[in-house]
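Trainee: The following comprises the amino acid sequence and a computationally predicted model.
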Amino acid sequence: MSGEHVSVRLIGDYARGDANIGTDELWALEAHLENCANCRTRLSDAVETGAPEIASLVTTAWCGLERSLGTATTMPTRRRRPVWLSAWLTPVMAPWLAMTVGVVLIALALDLAGPVFGEVSLVLLLAPVLPLGGVAASWSRGLDPAYELTAATPRAGLHLVLRRTASVLAVVVPALLAAGWPAGVSAAQWLLPCLALTSAALALGGVFGVARAALGLMAVWAAGVLVPSLLTRSESAFLDTDSLPVWGLLLSLGAGVVVIGRGAYTTAPGASR
């Protein structure tokens, strides 16, 4: 890339289908072409001069399509979701977020019902890992029917993963804050662990996949914190105020790993396994 437009060399390599273009460079080029009519025109000219066989194939295909389009039946216009909403949310996230809010309400009801588990607050125990379910659903091959289509777009990568993660936190964190007040749970006890585990899921997601990392951390939390606390009816040491510096360090490390390894999210396998 040079200045505000794509370089002549890169345009020519892309038009000829050069397989040696770097993944990051290819991603940046295709993302730029989406919004730059000038570079799209230059690419079209480069295809005509540098790859005439491709231009001939496109012309032949278009001639055949024109005849078919002239006799095609116009389909009724379907109502589409706003573009900005599609960039932040997917349809599969809605039931997961609704289920998460439902879990918060159930935990709050049990906390207010009486000393079911002694002095242990279910809202406090579940708060650090509740966003992870939505994060796993927001970028999962098995849960998102449009995964293959989304993963193949130039915008698929860390930017999209962060947007979907932010949308999950924007729903779950306010629900936890609202439930924490009547349950007597301070946000200072769970907010930092919640953000730290979310960043850890994204950091591990560059290697194992976001969905696997999030679900794995949920399983570890359930086995190492949730179940022991319920059995002993005592608050876990992981949620003491003395442990907050450790959570802060984990949050910083997770964010650092995500930034350093951001290239792992620019391809479909690394971004969404």
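Mentor: Sure thing, it's come through.

Trainee: Just want the most central residue of the chain.
Mentor: Centroid check for the chain by C-alpha atoms, centre = their mean gives residue 161 as the closest residue, at 2.6 Å.

Trainee: My guess is that residue contacts residue 203. True?
Mentor: No - with contact defined as C-beta atoms under 8 Å, residue 161 does not count as touching residue 203 (11.3 Å). C-betas here are computed from N, CA, C, even on glycine.

Trainee: Correct me if wrong, but residue 185 is in a helix.
Mentor: No - read with DSSP: H, G, I helix; E, B strand; the rest coil, residue 185 is coil and lies in no helix.

Trainee: For residue 24, see how far away it is.
Mentor: Residue 185 is 43 Å from residue 24, where distance means C-beta to C-beta, to the nearest Å.

Trainee: which one of the two has more residues nearby?
Mentor: For residue 185 and residue 24, the more surrounded residue by other C-beta atoms under 10 Å is residue 185, and the numbers stand at 23 against 13.

Trainee: Name the nearest residue to that one, sequence neighbours excluded.
Mentor: Leaving aside its sequence neighbours, residue 185 sits nearest to residue 124 (C-beta to C-beta, 6 or more residues apart in numbering; 4.7 Å).

Trainee: Send me the host helix or strand of that neighbour as CSV with only the CA atoms.
Mentor: Residue 124 is part of helix 122-126, with elements assigned from DSSP states H and E. The C-alpha coordinates for helix 122-126 follow below in CSV (Å, rounded to 0.1, in the frame of the first residue of the first chain):
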residue,chain,number,x,y,z
LEU,A,122,-24.0,-17.6,42.5
VAL,A,123,-24.0,-14.3,40.7
LEU,A,124,-20.4,-13.7,41.9
LEU,A,125,-19.2,-17.2,41.0
LEU,A,126,-20.8,-17.1,37.5
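
Trainee: wait, residue 132 sits on residue 196?
Mentor: No - counting by C-beta under 8 Å, residue 132 stays clear of residue 196, with 11.4 Å between them.

Trainee: ok, those two, which is more surrounded?
Mentor: Ranked by neighbour count (other C-beta under 10 Å), residue 132 and residue 196 place residue 132 first, with 27 against 22.

Trainee: Many thanks, I have nothing further to ask.
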